[in-house]
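Chemist: Here you go, sequence then predicted model.
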Amino acid sequence: MATPFCAAAACRVSVAVPPSRPVPGRVRARRSLVAVRAEAGEGGGINPAIRKEEEKVVDTVLVGELAKPLTAYCRCWRSGTFPLCDGGHVKHNKATGDNVGPLLVKK
């Protein structure tokens, strides 16, 4: 399934939503944590076809109203701080020969 973070038709995304637990005597708030992980297609890479001639695919988006001057968003699905980038793509790229990098949103 193609997603905004993985354009490949072969990219698979798994979503796990844990059940919420009721608390006696309280109105149950609908709050849940969603864990998302993309599984690499054939060859082990997340990016099978987009701008493969580049060493690392990084895009920058200019936005006028942001709290921070620069925010890096994960596109490799390996970040421990997803949706923010923690540099997990470096290990992934070395292991698979892929070239995925973050989406940089600038003020």
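Modeler: That came through, no problem.
Chemist: tell me, how many neighbours does residue 55 end up with?
Modeler: Burial of residue 55 is recorded as 8 neighbouring residues (other Cβ atoms under 10 Å). Where C-beta positions appear, they are placed from N, C-alpha and C, glycine not excepted.
Chemist: Now it. Nearest residue, chain neighbours left out?
Modeler: residue 99 (6.0 Å; Cβ to Cβ, 6 or more residues apart in numbering).
Chemist: Ok, residue 65 next?
Modeler: residue 107 is the one closest to residue 65 (Cβ to Cβ, 6+ apart), at 8.0 Å.
Chemist: One more: residue 66?
Modeler: Using Cβ to Cβ, 6+ apart, the closest residue to residue 66 is residue 107 (4.5 Å).
Chemist: Give me the distance between that neighbour and residue 81.
Modeler: 20 Å (Cβ to Cβ, to the nearest Å).
Chemist: Just to check, the residue nearest to residue 66 is in contact with residue 60?
Modeler: No - if you go by Cβ atoms under 8 Å, residue 107 and residue 60 don't touch, sitting 11.2 Å apart.
Chemist: any idea how far residue 92 is from the residue nearest to residue 55?
Modeler: Residue 99 is 10 Å from residue 92, by Cβ to Cβ.
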